[in-house]
Structures are given as C-alpha cells and as structure tokens.
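**Q** okay, predicted coordinates and the sequence, questions at the end:
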2 protein chains.
Amino acid sequence: MLNAETFAAYVNENRERYLDEFASFIAVPSVAAQNRGIHTMADLLEERFKQLGATVRQYPLEGGSPVVYAEMGSGPRTLLIYNHYDVQPEDPLDLWHVPPFQLTRQDGRLYGRGTSDDKGELLARIQAVEAWLATQGELPIKLKWVVEGEEEIGSPHLEEWVVAHAEMLKADGMLWEGGGRDEAGRITMSAGCKGIMYFDVRVRTANKDLHSANAPIVDNPAWRLVWALSTLKNERDEITIDDYQQHVRPLTAEEAALIDALPFEAEAFKANFGLSRFLNGIDAHEARRRLYERPTVTICGLDSGYQGDGTKTVLPAEARAKLDFRLVPDLTPELVHDLLRRHLDKRGFTDVEIIPLGGERPAKSAINSSVQAAAAAACQDTWGQTPVIFPWTAGSGPMYPLSTMLDIPVISAGATWHPDARAHSPNENIIEQDYFDDLLFTAHLIARFSQT
Amino acid sequence: MLNAETFAAYVNENRERYLDEFASFIAVPSVAAQNRGIHTMADLLEERFKQLGATVRQYPLEGGSPVVYAEMGSGPRTLLIYNHYDVQPEDPLDLWHVPPFQLTRQDGRLYGRGTSDDKGELLARIQAVEAWLATQGELPIKLKWVVEGEEEIGSPHLEEWVVAHAEMLKADGMLWEGGGRDEAGRITMSAGCKGIMYFDVRVRTANKDLHSANAPIVDNPAWRLVWALSTLKNERDEITIDDYQQHVRPLTAEEAALIDALPFEAEAFKANFGLSRFLNGIDAHEARRRLYERPTVTICGLDSGYQGDGTKTVLPAEARAKLDFRLVPDLTPELVHDLLRRHLDKRGFTDVEIIPLGGERPAKSAINSSVQAAAAAACQDTWGQTPVIFPWTAGSGPMYPLSTMLDIPVISAGATWHPDARAHSPNENIIEQDYFDDLLFTAHLIARFSQT
C-alpha cells in the first residue's frame, strides 16, 4: 500500500518546481503535423527520464518522430505506460486568450497547448514516480514507458516499431493516456477506442485562378469537391460510400447494454458547446448510443478560393478538404481508403485526389482485466469513488498495435481531461488540482497493480 | 479629324511622366472590399481632373466610396465616360512575382494591381485628353466622366446616385471600361454585360470547434454547407434552384447567330489556364455559346476548420462559402436572393445564412448605335482593323443604371485588356504598347464621335 501522507507532503513541497517543469514542457511547440520542436521535446524528455534513474533510449523512426522508451523498477508484475509528447497545431491563434506555448495559471486552471493532451499526464506520471522513489523506496513493479511523438498525426510508424520490439514490450497490463472527469465530475476510464483514417482530398482544374465570368466553360474544383463529398454521407447522417455498411459490425446485446448504462450529461455537453440540439435532433439516449456505435466521416476542413471579407469574383484553380473517418470493427484504414477510391471513381470523380495522412485500427480490450481492477481501486483510493468504465471511446488512438497485437489488457485512466479541457482547440487547459490528483492516482495505481 | 502626328509626338515627349503618373495611381491600394486607400485615391483623381481643367466634384455615398464626377469641353454631342478607381484584393500575395502596388516594367509589360482593371484605362483616357488639349485645341464634344470606387464590390450605391443625378448625366453615348485584344490580337468591344449577385453563405452550429470524436452527435456545419450547395447545381452544370430556369430568357435567333459568328480562340484559352478540357468536355462551339448564353452560380471560396498541412481532428464550429451568380435577362439580384432563400428553406436548410454582398442587373444596349460606330471607326484609325463587337460580355458591371435606366447607348472599348492580363489574379498586367495605343484610340474616338 501507498503511504499517501508522505507522498502528498513531498509533492506539496515540490509543487512550484513541478509546475516550472510543466511550463518547460509546454514551452516546446512539438507540433508533429508541422514537424516543429519534435527533437527538442524528445531530448528534454530523455533527460527527464534519466533524472528519474530510468534506462532510456530514443528510437529514431525513418521519416518520423522518435519514440522515447524508458524502463525502470522491478517486480513480478510489469506495467506498460503509453503517452505522447507531440501536440495538435495551435491555430486558430486569434481565439487563444493566452499564449499557446506558455503555461498560464488562471482561475485554478493551467492553460497551454498540451496541458490536457498529453504533456500534463505524461509529466504527472513521471513526477509521481519521482515522489514514490523519494518517499516509498523502490518501485514494486517494473515500468515500461512508450512515449511517442506522432500521436496527433495518427502514429504512422508506431505499429512497425511495436512489431520490431514485441519482446521488449511484453507486459501484464497497460496504462493508456487519457481519462478524466465527465460533466458531473465522475472519473471515467476506457478499455478501447475507435480507429481512424485521415485524408487530404484535392481537386485541381487550372494552373491559376480565373475570373469567375469564365464559369460557364471552366470546371470549378470547388463544385467538383462539393459534389464528390455530398455522395459520401447523406443528411440522415448515413455513410453512403458503396459497400461501407457491410463492414460495420453491429453491437452485441452486452455491448449495447454497457453503453446504455453509461452516464451521459447531455444538457451540460450541449451548453458547453452552445449546441441547440444533438445532430438532427436525436435524443440523449440515442446520442449516447451513437457516440460509441457509429463510424463517422467528418469534414475537418474546407479550403478554396477567396476567404476574405467582401467579394472577389474568382473561379478557383484548386479546392481541398480534410476528411477524418472514425472506425468501428471491422473497418480498417486500408479498407476505407480502398472503398473511398472505388466509390468516387465509379461516380466519375477520378479527378478527386485522395492523399492518405495516416490511420489507426479500432481496438477493444478485455473489460475485466487486472489493470482495470487496479485502476478502479486506485480511483477509490484517490477520489473515494467508483469510476465509470467505457468499453471503448469515441476518439481514437494507437491502441491497436500495443494492446490488440501484443495482447496486453489496457485501461485509459487519469485526471487530465475535463469537459472544458479544449483539447485540439484554442485555450486548451487542465484543472490545477486534477494535475496533482493525477500524481496521487498514479502512485495508488502502482501500489494496486503490484498486488494483482 | 485628329492630327495624329502632333498628338503622338506630344505623348512620346511625355512618356516617362505619364508612366510615373501611372505608378502613382497603382501605388494606392484602393481595395473597396477592404475599404483601404479609397479616399486617398479619390482625392488623387480629383486633383488630376483639376489639372486637366475639368469641373470636378466628389459625391460622397452614404457608407460607400465617393463617385468622382468630372465635366469638360463643349459641343453638340455629349459623351459619358465610365471608369472605376477601386481594385480587387491582391491576395494570394505569395503568387505575385512583383509587389502588387508598385508599377513594375518588365518584358514590355507593366505589372501591378489595377494596371488592367481599371486604373490604366482611366488614366490613359485622362492623359489622352491632356494631349488633345495640348496639340489639337479645344475639345469638340462635351465629356462627362463618372469614376466610381465600388465597381469591384458590385457598385452597391451607384444606381441610387444615378437616379438622383439623371438630368446631369444625360448623354448621346457612353464609353465604358474594358475592351482590349483577344488571343489572336483582334480588338474586341461589347455593348452590354451579364448581371451579378454575390453572397456570403454561412452555417454555424457550435460556439467553438469540437474534437472530431463528437461527430456522431454534433451537426457539422461543413457537411450542412456541402449538402446545401450540392442542391444548387448538378454535375451537368444545370442550375437546379427551384423555379430558376423559367426566368432565363432564351437567346433570339439573331443573338445566337451573332454569338456563333464571334471569334473564339479555344485552344489558346485552354493553354493559358492549363485546362485539359472545357467544362464537362463540351466542344469549342458549345463553349462559346454558353459563355454568353448561360447564367452561372460559382463557388468563389470555401472556408471551414483546419486548412494547414497534415492532420487536425477537428469538428468545425462554422463553414462559409462565397457564391457568385452571373445573371442573364430576366434574372435580377433581388429575384435570385429570393429564389435561393426559398429553395434552401424548402429543403430544411433554414440554418444556412445568406448574406447578400451586392448585385447588378444584366444590361443590353442597342448594337448599332452612333457611339459604337465611332468606336469602330476609331479602331480602324488606331489599329487599321475592324473590331469584333460582342452583343454583351460574360462578365458583369454596373452598366444597367447608366445605360439601360438612362437609355444611353454604350460601348465598352479600349486596349487595356489582353488574354494574359490576369485581372482579379496575381501578376495583373497591361502591355506597355497597349497603354499608349489606348491614348491614341481615345483621341480618335473623340474626333469620330464629334462627327456623329
């Protein structure tokens, strides 16, 4: 068991240093999509693991960000920990009310890109181990830490790296990134995630923009794009790509029951984002079910021609869309790419270029594993409450290679997410108390997992 | 008749000063869409008319750019001249190979925003009158000059001003902006133009961007926009707005014959813009016909969510399109606005906001007027060739109030446009020799019109 008193006292004494260290992590703009600050961040992280006394190594990935891998401690049980040191792009910059790469304390929160997703959790876990070693003695388990730098661009190289290092990565359970509290303050955890496939979609018809008077005789790439996109999903929110639905495995009755029993703060969610309704006016019960059940195709971005104020009578030379597909079993990134290409070709949209930007398979893990039990117990220890456990999340992550391929039960658990965390958006933040709670939760989890 | 020899000698002596003056006009970024440099340009122009000895006055328009109006000369015939001193926005800036607001001489061309559309022609006509007065004596006709500053945003206030000053504007003929040479070097003129209606179209569903994992339950404004737009026009290039086609007056047999007899350098046009084909593969004969016959709806811009490199898994809060409708009789801006709103509402797109940004009615003038005859004769005088006269253009302009409402025959004629002029695009330019030819043409036109 953990001596929580000495642990908490140490954390409290080092609170300002811990926050300074957090600020130094946030200060590095490690945006994988733009290949900024990646190596600076990997080096900083390697150094931090060394301070902890871990054996640490950077694994360079050809054409990608290095994996920082660390090992420490020993014991009969091995816990694999997954985090990532890259972050989403910070734009639109004008909507931030603080500098995105400067940790800002304000009203009990800590603002900055990566505070919630995922540097806060990464560092809280490292600092928790420091505090353990300083107050509890040796670690009672072996820790293996995989920290990648390409999570926000779909972890394009992780699977290959995992396959090459399968033996090294063996573990009895895995602690994933994420976890936090929902709109009602309940601690939530999850044992899987949807997959994802992301595309750039482009149409180009001319070598330069034309005067729009030429519209009767020149193909407009923006129209071509609109028509092509409109065939992918209908207004009833049904994906209409040929042969798509036959790859969507229906929920089992047990899965449906698990989902329907989950708490869902429908009104708080809508209020937070200023939504007048759920999609197409579905009710809260249906919304909760769909969030986990449905595959999606999302237009993440549209870009063509003139976007400024007022009028510009231009016929654009190019139009682009960003498309994000969320995948449920048995959809895979490769399958979606193939179905999309065939679908567009069949309708004459051979001029629509599809550029895959990375994908991840859906992952489902056992939902009664020892690591899940340890996390639930640690939640009781930390917050005195039973966590809500989601069979899988609506979001995605590179769980498939580490969990499904290596057959390691996984739980996503922690305290770094809350409903106004604004991950992937301007003003990303974490609640300061949650940050320090996460240190305590990590320590309890280590103690609990050592006893499984 | 004009003494072309003394006229040309004077122009030649003043060539460098004339170009310096041209540079001072280009240097003012009078972008009406962004309300930049408008008053600086109007003042500069007023001063230039004063130097010419004209009676000149700025008419402020409530909420708009002033009209600069000048009168000079006398005689039995009155010629109204229309130009505009505003220009299109210069973006995308990174595609210019010269500074957009610095007149640059290069390879026999003069580059800069407004060189072709429309400051070059405006100043060439002014300088032609200066040279006339210096070499030929008094003007043999009365000139009335309407120079507006809102042409590039659809002249939202011109009609009201014209109505209020109808008596002052009376004239026997009107010289419009535009005119130039086609791909084969033929001088072209026109006696009318299509109308236009321009809209901002917007959908907003949330108060901030969301993580795209929420796609199964949150309305995506980019999808809503795509679906709404896809109902406006089909892939056969037919406008499918309810009740639209019944307002499109078919060509008369005479009009169709006039259009089919026009020269059309199909291959040069395609090569210039790198087109692999005309729209939907139509042939050159069909393309020429459609250019003048067809109303259009053009997506001039699309804007939503993430547009940078790589991936960002965002569900946008807002999506926007810029739409430009080109109008043939009997379509009007007000009618198009009304039909569009009804069409979208009927299909449930009441969440799609339509913001009108200005419109102009189509205009057709008599095609055998005295001013047209004078322009054709001046073309012979200047270039020794018979011009190609288009009954109307595929582009638009505020001809309707000045020509149709005031019943003044109009001809668009000059030398400032050529096929690589890039009006409305980066690297806008005019051929230097064309600029000086335009001075001579203007003088011949004054001489010829005085004899009608």
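**A** Structure's in. What do you need?

**Q** nearest spatial neighbour of the residue in the stretch 101-250 of chain A positioned nearest to chain B, skipping sequence neighbours?
**A** Chain B sits closest to residue A:207 of the stretch 101-250 of chain A, with a gap of 3.1 Å, by CB to the nearest CB. Just so you know, the C-beta spots here come from the backbone N, C-alpha and C atoms, and that holds for glycine as well. Distances taken as CB to CB, 6 or more residues apart in numbering or on different chains put residue B:274 closest to residue A:207, at 3.1 Å, once the chain neighbours are dropped.

**Q** cool, residue A:96 as well?
**A** residue A:426 (4.6 Å).

**Q** returning to that earlier point: wait, the residue nearest to residue A:207 touches residue A:206, no?
**A** Yes. Contact criterion CB atoms under 8 Å: residue B:274 and residue A:206 qualify, at 5.6 Å.

**Q** the two: who's more crowded?
**A** Counting neighbours by other CB atoms under 10 Å in any protein chain shown for residue B:274 and for residue A:206 shows that residue A:206 has the greater number, 21 against 12.

**Q** check contacts around the more buried one.
**A** Listed by CB atoms under 8 Å, 6 or more residues apart in numbering or on different chains, the contact set of residue A:206 reads A:218, A:315, A:317, B:273, B:274, B:275.

**Q** list the contacts for the last one?
**A** Residue B:275 is in contact with A:205, A:206, A:218, A:219, B:269, counting by CB under 8 Å, 6+ apart.

**Q** how is chain A carved up into domains?
**A** A:4-191+A:365-450, A:194-248+A:295-360 (automatic domain parsing).

**Q** turn these into CSV, including mean pLDDT.
**A** Shown next, in CSV, are those (pLDDT from 0 to 100):
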stretch, mean pLDDT
domain A:4-191+A:365-450, 95
domain A:194-248+A:295-360, 96
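
**Q** and of those, who's closest to residue B:154?
**A** Closest to residue B:154 of the domains of chain A, according to CB to CB: domain A:194-248+A:295-360, at 6.2 Å.

**Q** how far away from the center of its chain is that closest one?
**A** Distance of domain A:194-248+A:295-360 from the chain centroid (CA atoms, centre = their mean, to the nearest Å) equals 24 Å.

**Q** same check on stretch A:412-419?
**A** In terms of CA atoms, centre = their mean, the centre of stretch A:412-419 is set 11 Å apart from its chain centre.

**Q** likewise for stretch A:253-264?
**A** Distance of stretch A:253-264 from the chain centroid (CA atoms, centre = their mean) equals 22 Å.

**Q** about what we covered before: need the max-distance pair from the contacts of residue A:206.
**A** Across the contacts of residue A:206 (CB to CB), the longest gap, 13.2 Å, separates A:315 and B:274.

**Q** so for the helix or strand hosting residue A:123, what gets flagged as buried?
**A** According to DSSP states H and E, residue A:123 maps onto helix A:119-135. Applying a neighbour-count criterion of 16 or more other CB atoms under 10 Å in any protein chain shown, one finds A:119-133, A:135 buried in helix A:119-135.

**Q** quick check: closest non-adjacent residue to the residue in the stretch 351-452 of chain A positioned nearest to chain B.
**A** Nearest to chain B in the stretch 351-452 of chain A, going by CB to the nearest CB, is residue A:395, at a distance of 3.7 Å. Excluding the flanking residues, the one nearest residue A:395 by CB to CB, 6+ apart is residue B:213, at 3.7 Å.

**Q** one more: residue A:439?
**A** Nearest non-adjacent residue to residue A:439 (CB to CB, 6+ apart): residue A:128, at 4.2 Å.

**Q** quick check, that neighbour in contact with residue A:437.
**A** No. Using CB under 8 Å, residue A:128 is not in contact with residue A:437, being 10.6 Å away.

**Q** for chain A, what spans make up the helices?
**A** Ranges of helices in chain A, per DSSP state H, are A:4-13, A:15-26, A:38-51, A:119-135, A:158-164, A:221-230, A:253-260, A:266-273, A:284-293, A:333-346, A:370-383, A:399, A:432-450.

**Q** quick check: buried residues in the second one?
**A** What that stands for is helix A:15-26. A:18, A:19, A:21, A:22, A:23, A:25, A:26.

**Q** and the second one, what does it touch?
**A** Shown here is residue A:19, whose contacts under the criterion CB under 8 Å, 6+ apart are A:103, A:105, A:110.

**Q** chain neighbours aside, what residue packs nearest to residue A:307?
**A** Leaving aside its chain neighbours, residue A:307 sits nearest to residue B:303 (4.1 Å; criterion: CB to CB, 6+ apart).

**Q** hmm, the one you found is touching residue A:308, no?
**A** No. Using CB under 8 Å, residue B:303 makes no contact with residue A:308, being 9.3 Å away.

**Q** just curious, which of the contacts of residue B:275 is nearest to residue A:177?
**A** Nearest to residue A:177 among those, with distances taken as CB to CB, is residue A:205, at 42.5 Å.

**Q** who touches that closest one in this structure?
**A** For residue A:205, the contact set (CB under 8 Å, 6+ apart) comprises A:218, A:219, A:220, A:221, A:224, A:317, A:318, A:351, B:275.

**Q** what's the spacing between it and residue A:129?
**A** 57 Å (CB to CB, to the nearest Å).

**Q** could you do residue A:153 as well?
**A** Relative to residue A:129, and taking CB to CB, residue A:153 is found at 28 Å.

**Q** ditto for residue A:82
**A** In terms of CB to CB, residue A:82 sits 15 Å off from residue A:129.

**Q** same question, residue A:428
**A** Using CB to CB, one gets 25 Å for the distance from residue A:428 to residue A:129.

**Q** next one: residue A:445
**A** 11 Å.

**Q** got it, and residue A:102?
**A** Per CB to CB, residue A:102 is found 26 Å from residue A:129.

**Q** one more: residue A:207?
**A** Where residue A:129 is concerned, residue A:207 sits at a distance of 57 Å (CB to CB).

**Q** now residue A:180
**A** 20 Å.

**Q** and the residue of the stretch 1-150 of chain A found nearest chain B, how many residues sit next to it?
**A** Closest to chain B within the stretch 1-150 of chain A is residue A:33: 3.1 Å, counting by CB to the nearest CB. Each residue near residue A:33 was counted by other CB under 10 Å, and the total is 20.

**Q** wait, what's in contact with the nearest residue to residue A:171 once chain neighbours are set aside?
**A** Nearest non-adjacent residue to residue A:171, counting by CB to CB, 6+ apart: residue A:80, 3.8 Å away. Residues near residue A:80 by CB under 8 Å, 6+ apart: A:144, A:145, A:146, A:169, A:171, A:173, A:174, A:175, A:402, A:408.

**Q** turn the residues you listed into CSV, columns for neighbour count.
**A** Below are the contacts of residue A:80 laid out as CSV (neighbours: other CB atoms under 10 Å in any protein chain shown):
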residue, neighbour count
A:144, 20
A:145, 24
A:146, 24
A:169, 21
A:171, 23
A:173, 25
A:174, 25
A:175, 28
A:402, 26
A:408, 22
